[in-house]
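K.L.:
Starting from these lines, generate the structure:
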Amino acid sequence: MIFRSVRRRAFLIATAIGAVLAALPSASDAAAPRNTLVIGVDTSDTITLDPARMSQYTPPMTLKAAYETLVTMDPGDYVNVKPQLAAKWERTADGKGYRFTLRDGVKFASGDVMTAEDVKFSLDRVLNLKDQPAQYIAHVDRIEIVDPKTVDVILKDPSQPILTILAAPAFSIYEKKIVAQHGGLSDASAKDADKATQWLDQNSAGTGPYKIAGWERNATIQLVKNPNYWRGQPGFERVVIRHIGDSAAQLLAVRRGDVDIAFNLIPEQIATLKDNPDVVVQREPSLDFVYMAVTQEPEFNPALAKKQARQAIGYAIDYDGIRDALVGGSAIRPVSFLPIGTNGSTEQLTREIGFRQDLDKAKQLLAEAGLPDGFSFELSYGNASIVGVSYQLLAQKIQSDLARVGIKANLNPMDQVNLRTQFTTNKSPGGVLTFWNPPAVENQLWASATVERVARRVHWQPPQEVKDVVSRAAAETDLQKQAQLWRQYQKAMVDNANLVILFQPIYQVAVRKRVAGFQLTGAGWMADFSTAKPAQ
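P.N.:
Alright, predicted model coming up:
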């Protein structure tokens, strides 16, 4: 009943706002200047704009506007790697790595020409800072300069993927001279002695179409055009990313023209824009997903230490209800940490081996765990929303579902930064509602995370055979054989039931028609600003 009343209230609020706005005159004349792009999005998870320390959901969009990578992926194509700062690449003669030939004529925002020295400095800094992005390229042995236009990336294990990973914003190339002037280091001392993050939170030193000009947490991120952008003049003089945590406020802003793009609208609010002559809704399947992580540390919760109890949670949740009622049908659901759209992950496979709501089975599992009357656990989540769905509403829905089998979820809303700190330091005492977005479009990264750092967060020690399956799948070049190995991995993840995938959203973003060329992407950075410009 709580869930239904909340949903009803959310619908009435959205409808009321739509009715009020329909009666208002157009605010296009009062909108942001034509040469400024204004984006409304919940940025409460942004804790740094240093690419080498990047780990959250919204920062990659900003970073991709200010920086570029050796290679990239076009929106909608998450299989074929495309050139960006590297004009071409090939395997090194000994087969141990890749040789990248840098594009001619690329300048940083300062006006200085990019060279192999900048590439080496940028990638070495990631490796030696040893922050989260370093884990994605832990199989890189070293970076070698061949000449000012050529650089080699040598791998410890040449069978493991690297091109797809290097497309991610964490591996942006920045200007060595500028970052070093502000305390940046790339040698072994970087982990403890690098001081550049504070400067990089307010500035940038990249080759992207825009430059970071300032950031105030939970307020705004300011970007200005890069006059030295190698592809020509960017479409806008300025980009302003406004933190708007409330979806109703985002709807109001985009309807009035106070923002050009609104990222976090709920389905009912999207529906109110159907006949709006000034706004179009863009859609793009994402590779993100929202999930619940469940600890198995007995000192935190003895019940959750029992696998059957965790499996009971998985079988008690109404996944179809979450998809249809909360996300307006604009979502799909993978089996585990491999999103649909990647090799070895399909909706059919989810139906075959994934969790589904089965209350009788959930009750049976509770009885097998010696918990026929259920148990209690703490469910933590951030005071934020994702793709228009508030974690609060999602938590209330799950609480209602679990109560049907006697499991009591005690809800614990938290600040996003505090939630992440607790989770990443392995101190979450029960369940955590959170998201996963691709650090890069590479199955190995998703899967290896679950048997390494995410496993530590939920106090699971994966069997060696599960780790071996992940390694074998990542190295397998036959896609059909690879898909079978990923199936084995996903079955093991469902069996252990530490990570329950709730939904994989399809982006629905409101864009005012005064903006042309704005592209959504599921590749991990949400959107591409490089082609955005005022409509004619």
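
K.L.:
Select the longest strand from the chain.
P.N.:
Looking only at the chain and at elements set by DSSP state E, the strand with the highest residue count is strand 499-512.

K.L.:
packing partners for the following helix or strand past it?
P.N.:
Of the helices and strands lying after strand 499-512 in sequence (DSSP states H and E), the nearest is strand 515-516. Packing partners of strand 515-516 (3 or more Cβ pairs under 8 Å, 6 or more residues apart in numbering; DSSP states H and E): strand 533-534. C-beta: built from backbone N, CA, C; applies to glycine.

K.L.:
What strands flank the strand it packs on, and is each parallel or antiparallel?
P.N.:
Counting by DSSP bridges, the strands paired with strand 533-534 are strand 515-516 (antiparallel).

K.L.:
follow-up on the earlier one: can I get the longest strand of the chain in PDB, CA atoms only?
P.N.:
Below are the C-alpha coordinates for strand 499-512, written out as PDB (Å, rounded to 0.1, in the frame of the first residue of the first chain):
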ATOM      1  CA  LEU A 499      24.400  -9.200  -6.800                       C
ATOM      2  CA  VAL A 500      20.700  -8.900  -8.000                       C
ATOM      3  CA  ILE A 501      20.200  -6.900 -11.200                       C
ATOM      4  CA  LEU A 502      17.000  -4.900 -11.100                       C
ATOM      5  CA  PHE A 503      16.900  -3.200 -14.500                       C
ATOM      6  CA  GLN A 504      18.900  -2.000 -17.500                       C
ATOM      7  CA  PRO A 505      17.400   1.300 -18.500                       C
ATOM      8  CA  ILE A 506      16.700   2.700 -21.900                       C
ATOM      9  CA  TYR A 507      17.600   6.400 -21.700                       C
ATOM     10  CA  GLN A 508      14.800   8.900 -22.200                       C
ATOM     11  CA  VAL A 509      16.100  12.400 -22.400                       C
ATOM     12  CA  ALA A 510      14.100  15.600 -23.100                       C
ATOM     13  CA  VAL A 511      15.900  17.900 -25.600                       C
ATOM     14  CA  ARG A 512      14.700  21.300 -26.700                       C
END
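
K.L.:
average pLDDT across that strand?
P.N.:
Averaged over strand 499-512, pLDDT sits at 95.

K.L.:
who does that strand pair up with?
P.N.:
In the sheet, strand 499-512 lines up against strand 261-262 (antiparallel), strand 279-285 (antiparallel), strand 289-294 (antiparallel), strand 331-332 (antiparallel) (DSSP bridges).

K.L.:
got TSV for these, with mean pLDDT, mean neighbour count and distance to residue 248 too?
P.N.:
Below are those laid out as TSV (pLDDT from 0 to 100; neighbours: other Cβ atoms under 10 Å; distance: least, Cβ to Cβ, whole Å):
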stretch	mean pLDDT	mean neighbour count	distance to residue 248
strand 261-262	98	28	11
strand 279-285	93	16	16
strand 289-294	97	23	21
strand 331-332	94	22	21
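
K.L.:
closest to residue 408 out of those?
P.N.:
strand 289-294 (14.3 Å; Cβ to Cβ).

K.L.:
Which helix or which strand is home to residue 199?
P.N.:
If you go by DSSP H and E, residue 199 is part of helix 197-200.

K.L.:
average model confidence for that helix?
P.N.:
Helix 197-200 comes out at a mean pLDDT of 98.

K.L.:
Can I get it in PDB? Just the C-alpha atoms.
P.N.:
Extracted in PDB, the C-alpha atoms of helix 197-200 (Å, rounded to 0.1, in the frame of the first residue of the first chain):
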ATOM      1  CA  THR A 197      43.400  16.400  -8.500                       C
ATOM      2  CA  GLN A 198      42.400  19.700  -6.800                       C
ATOM      3  CA  TRP A 199      43.300  21.700  -9.900                       C
ATOM      4  CA  LEU A 200      41.700  19.200 -12.300                       C
END
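
K.L.:
who touches it?
P.N.:
48, 49, 50, 51, 53, 179, 182, 183, 212 (Cβ atoms under 8 Å, 6 or more residues apart in numbering).

K.L.:
Now do the phi/psi pair for the most centrally placed residue in the chain.
P.N.:
For the chain, the residue nearest the mean C-alpha position is residue 437 (2.5 Å; Cα atoms, centre = their mean). Backbone geometry at residue 437, expressed as degrees, to the nearest 10, gives phi -120, psi 150.

K.L.:
Might you report the residue contacts of it?
P.N.:
For residue 437, the contact set (Cβ under 8 Å, 6+ apart) comprises 57, 60, 286, 287, 288, 524.

K.L.:
Okay, and the closest residue to the second one other than its chain neighbours sits in which element?
P.N.:
Of all residues beyond its chain neighbours, the one nearest residue 60 is residue 525 (3.8 Å), with distances taken as Cβ to Cβ, 6 or more residues apart in numbering. Under DSSP H and E, no helix or strand contains residue 525.

K.L.:
List the contacts of residue 525.
P.N.:
By Cβ under 8 Å, 6+ apart, the residues touching residue 525 are 60, 61, 63, 64, 168, 169.

K.L.:
Show me which pair in those residues is furthest apart.
P.N.:
Distance extremes for the contacts of residue 525: the farthest pair is 61 and 168 at 12.6 Å, using Cβ to Cβ.

K.L.:
Among the two, which residue is more densely surrounded?
P.N.:
A direct count of neighbours by other Cβ atoms under 10 Å for residue 61 and residue 168 places residue 168 higher, at 29 against 23.

K.L.:
Distance of the more buried one relative to residue 136?
P.N.:
Distance, residue 168 to residue 136, by Cβ to Cβ, to the nearest Å: 7 Å.

K.L.:
what's the burial count for the closest residue to residue 195 other than its chain neighbours?
P.N.:
Spatially, and ignoring its direct neighbours in sequence, residue 195 is nearest to residue 183 (2.9 Å; Cβ to Cβ, 6+ apart). By the measure other Cβ under 10 Å, the count of residues near residue 183 is 14.

K.L.:
Please name the residues that touch residue 183.
P.N.:
Listed by Cβ under 8 Å, 6+ apart, the contact partners of residue 183 are 194, 195, 196, 198, 199.

K.L.:
Among those residues, find me the one that's closest to residue 233.
P.N.:
residue 199 (26.1 Å).

K.L.:
What is the neighbour count of the closest one?
P.N.:
17.

K.L.:
can you pull out the helices in the stretch 201-350 of the chain?
P.N.:
Using DSSP state H, counting those that start in this stretch, the helices of the stretch 201-350 of the chain run over 247-256, 267-271, 307-316, 319-321, 347-353.

K.L.:
who wins for proximity to residue 457 among these?
P.N.:
Nearest to residue 457, of all the helices of the stretch 201-350 of the chain, is helix 307-316, at 14.3 Å by Cβ to Cβ.

K.L.:
Just name whatever secondary elements that closest one is in contact with.
P.N.:
When contacts are defined as 3+ Cβ pairs under 8 Å, 6+ apart, helix 307-316 packs onto strand 289-294, helix 359-368, helix 391-403, helix 479-496.

K.L.:
which one of these is the most hemmed in?
P.N.:
Among those, ranked by average contacts under mean count of other Cβ atoms under 10 Å, first place goes to strand 289-294 (a mean of 23).

K.L.:
what distance separates that strand from the centre of its chain?
P.N.:
Distance of strand 289-294 from the chain centroid (Cα atoms, centre = their mean, to the nearest Å) equals 13 Å.

K.L.:
Begin at 571, not 1, for the rest of this chat.
P.N.:
From this message on, residue numbering opens at 571, which makes the last subject strand 859-864.

K.L.:
Only alpha carbons, please: show that strand as PDB.
P.N.:
What follows is strand 859-864, C-alpha atoms only, in PDB (Å, rounded to 0.1, in the frame of the first residue of the first chain):
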ATOM      1  CA  PHE A 859      22.100  -1.200 -14.900                       C
ATOM      2  CA  VAL A 860      20.700  -0.700 -11.400                       C
ATOM      3  CA  TYR A 861      21.400  -3.500  -8.900                       C
ATOM      4  CA  MET A 862      21.300  -4.500  -5.300                       C
ATOM      5  CA  ALA A 863      24.500  -5.700  -3.700                       C
ATOM      6  CA  VAL A 864      24.000  -8.000  -0.600                       C
END
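
K.L.:
what does that strand rub up against?
P.N.:
Residues contacting strand 859-864 (Cβ under 8 Å, 6+ apart): 874, 880, 883, 903-904, 907, 909, 947, 949, 956, 959, 964, 968, 993, 998, 1000-1006, 1024, 1027-1028, 1067-1075.
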